[in-house]
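1. output the structure for:
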Amino acid sequence: MSTGTGRDPAWEHGDEIKKPGLEGKTYKYVKCRYCGQQTTGGVSRLKNHLAGTRKNVKPCPAVSDKIKNEMLNMLKLSENTKTVYKRNREELIESGSYYQSSNPSAEDSSGVNNSQRGVRGPIDRFVVDVDNENKNCAPVGDKERRQHTCLDVGRFFIENGIPFNVANSPSFINMCRSIGNYGRGFKPPSPYELSHWILDEEVKTAQKLVNEVKVTWTQTGVSILSDGWKDMRGRQLINFLVNNPYGTVFLKSVDASDQVKDAQMLCKLLDSVVEEVGEDIVTQVVTDNASNYKAAGKLLMAKRPHLWWTPCAAHCIDLILEQIGELPQHKNVLAKAKKVTKLHNFIIILILK
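-> Here you go, the predicted structure:
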């Protein structure tokens with residue numbers, strides 16, 4: 001199925017469509033040639049659509065079984081390739097032999113820019129250039145140097161109570177890469193810099209991302225999501241978020257302690273949020289399935305017939321599981337499990353004393 005041009009074979013079953021947006025921006029969609037569905041994303045989204053995996057896209061109802069199996073095989077092959085690449089990369093990092101940055105504009109310790117070495121492919125990360133062996137191949141003692149550096153990083157995490165899974169954050173990886181590219185003599189930012197110009201720049205970046213999502217609201221319509229919770233002071237807070245296929249945007253948080261128990265007042269609150277976002281682009285309002293929200297949702301639909309109130313699926317499942325847990329055959333098992341858990345905690349407390 002190879003096209004001979006490097007273009008993914010899956011494009012034989014779909015077309016890329018570009019639509020103009022606001023401020024001169026262009027949005028890309030992929031149109032299925034069988035059912036005509038248009039989705040955001042690239043060829044991977046098209047493959048999942050044709051294969052029927054239900055990963056962030058609905059299955060195609062008109063695709064043949066032959067093409068469906070072909071797409072499944074292509075997705076499986078791609079996943080296996082990624083797994084092998086990740087395993088090889090981790091082995092090289094562990095041995096201290098992987099130091100080349102993925103940033104094409106980065107310079108190595110010798111000051112030579114990657115663009116000056118010519119175009120390099122992914123396989124070049126795992127081979128040593130004979131002419132530049134001293135530059136790209138890690139010295140014998142670099143494994144110990146890496147261990148020492150990792151200890152310093154780990155000490156920073158432990159002393160400041162930072163969760164270890166933060167190391168998976170792309171921002172943490174980018175930070176380490178940027179410091180490595182800078183080289184010796186890097187002066188870390190001061191608390192003043194972090195709280196002033198760095199924070200200001202990040203706020204601008206976040207606002208830019210939010211604005212890019214907001215301009216798509218009129219094209220796709222939006223859902224308003226409400227998330228109720230209680231803080232340590234006992235206040236009933238509701239977070240309001242706006243969701244569409246391009247992302248979820250936090251709108252505001254409201255102290256609804258005086259409103260949450262009254263369906264009429266809760267309906268007014270939900271109605272004010274719909275008005276703030278724009279009645280013409282809101283398609284549904286999603287809340288939990290509590291009786292007060294249920295009553296408020298029905299009042300809201302009566303006032304604005306074009307939109308729907310929808311109960312939160314996660315909350316509904318939680319209620320179902322609670323009802324299942326009340327069945328005699330499950331209730332006894334859960335009660336015994338809770339006793340074991342309480343006893344375990346009690347022993348830990350005794351040991352600590």
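2. put the alpha carbons of the helix or strand hosting Leu46 into CSV.
-> Leu46 belongs to helix 43-51 when assigned by DSSP states H and E. Presented in CSV, the C-alpha positions along helix 43-51 are these (Å, rounded to 0.1, in the frame of the first residue of the first chain):
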residue,chain,number,x,y,z
VAL,A,43,-3.8,10.6,10.0
SER,A,44,-3.7,8.8,13.3
ARG,A,45,-7.3,10.0,14.1
LEU,A,46,-8.4,8.8,10.7
LYS,A,47,-6.8,5.3,11.3
ASN,A,48,-8.7,5.0,14.6
HIS,A,49,-11.9,6.1,13.0
LEU,A,50,-11.6,3.5,10.2
ALA,A,51,-10.4,0.8,12.6
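3. show residues contacting it.
-> Outside helix 43-51, the residues that touch it by CB atoms under 8 Å, 6 or more residues apart in numbering are 8, 10-11, 13-14, 30, 32, 34, 37, 39, 54-60, 63, 67-68, 71-72, 74-75, 78. (Each C-beta comes from the backbone N, C-alpha and C, glycine too.)
4. ranges for the helices of the stretch 1-150 of the chain?
-> All helices of the stretch 1-150 of the chain, identified by DSSP state H, counting those that start in this stretch, fall at 43-51, 65-95, 133-136, 142-159.
5. try the stretch 151-300 of the chain
-> For the stretch 151-300 of the chain, helices defined by DSSP H, counting those that start in this stretch occupy the ranges 170-182, 191-193, 199-214, 217-220, 263-277, 291-303.
6. make TSV out of those helices and add mean neighbour count.
-> As requested, the helices of the stretch 151-300 of the chain are exported to TSV (neighbours: other CB atoms under 10 Å):
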stretch	mean neighbour count
helix 170-182	12
helix 191-193	9
helix 199-214	12
helix 217-220	14
helix 263-277	18
helix 291-303	17
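7. between those, which one is nearest to Ile324?
-> Ile324 sits nearest to helix 291-303 of all the helices of the stretch 151-300 of the chain, at 20.5 Å, using CB to CB.
8. please, a ChimeraX command that selects the buried ones among the contacts of helix 43-51?
-> Those of the contacts of helix 43-51 that count as buried under 16 or more other CB atoms under 10 Å are selected in ChimeraX with:
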select :8,10,13,14,30,32,37,39,57,60,63,67,71,72,74,75
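9. inside strands: which ones of the contacts of helix 43-51?
-> Within those, residues falling in strands by DSSP state E are Gly14, Val30, Cys32, Thr39.
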